[in-house]
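Student: starting from these lines, generate the structure:
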Amino acid sequence: ADLFDGIVMAEQRFHGEGYQEGYAEGSHAGMAEGRRYGALHGARVGLEIGCYLGFALTWHCLLQKCTDEKNSKKIRALDSLIGMIQKFPYEDPTYDKLQEDLEKIRGKFKQVCSMLNIHSDFRIGTERSSLTF
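Tutor: Residues are numbered from 1 along each chain as shown. The predicted structure is shown next:
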């Protein structure tokens, strides 16, 4: 072994050790950040879906008293929205059509609001979430 090999190879050795330490620390920090982001995003989706369900159930109850043809179409649309929400896979974040189904629910919600002549504006903010009419 050459006396100078340790000195010459020190840069390469320290570079490799630094890379391994950085990779491990980055993986740990990334995992924690991913969990926080996932929890926040999941809570937002749950809040939005819950709002749609509460809206649909309330209007369904209000319209059941009226039995004319116009209201029966509205009730069918509300039933469809409620069914879509009930089938939504809350517990499966790996469901491959999660975003697609969420967009369908949003579209159905807008359709129902249009049928009820209600302006919908669902906003998720840092201070409050609201559904304005």
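Student: now do the contacts for the most centrally placed residue in the chain.
Tutor: Note on the chain: the residue nearest the mean C-alpha position is V45, at 3.5 Å, using Cα atoms, centre = their mean. V45 makes contact with L102 under the criterion Cβ atoms under 8 Å, 6 or more residues apart in numbering. C-beta coordinates here come from the backbone N, C-alpha and C atoms, glycine included.
Student: chain center to the helix or strand hosting it, what's the gap?
Tutor: Element membership of V45, judged by DSSP states H and E, is helix 10-63. Computed by Cα atoms, centre = their mean, to the nearest Å, the chain-centroid distance of helix 10-63 equals 10 Å.
Student: now L3: how far from Q12?
Tutor: 17 Å (Cβ to Cβ, to the nearest Å).
Student: higher neighbour count, those two?
Tutor: When L3 and Q12 are compared for neighbours, Q12 comes out ahead with 9 against 6, by other Cβ atoms under 10 Å.
Student: ok, and the closest non-adjacent residue to M115?
Tutor: Among residues not flanking M115 along the chain, K74 sits closest, at 5.2 Å (Cβ to Cβ, 6 or more residues apart in numbering).
Student: so that neighbour, which state does it fall into?
Tutor: helix (DSSP: H, G, I helix; E, B strand; the rest coil).
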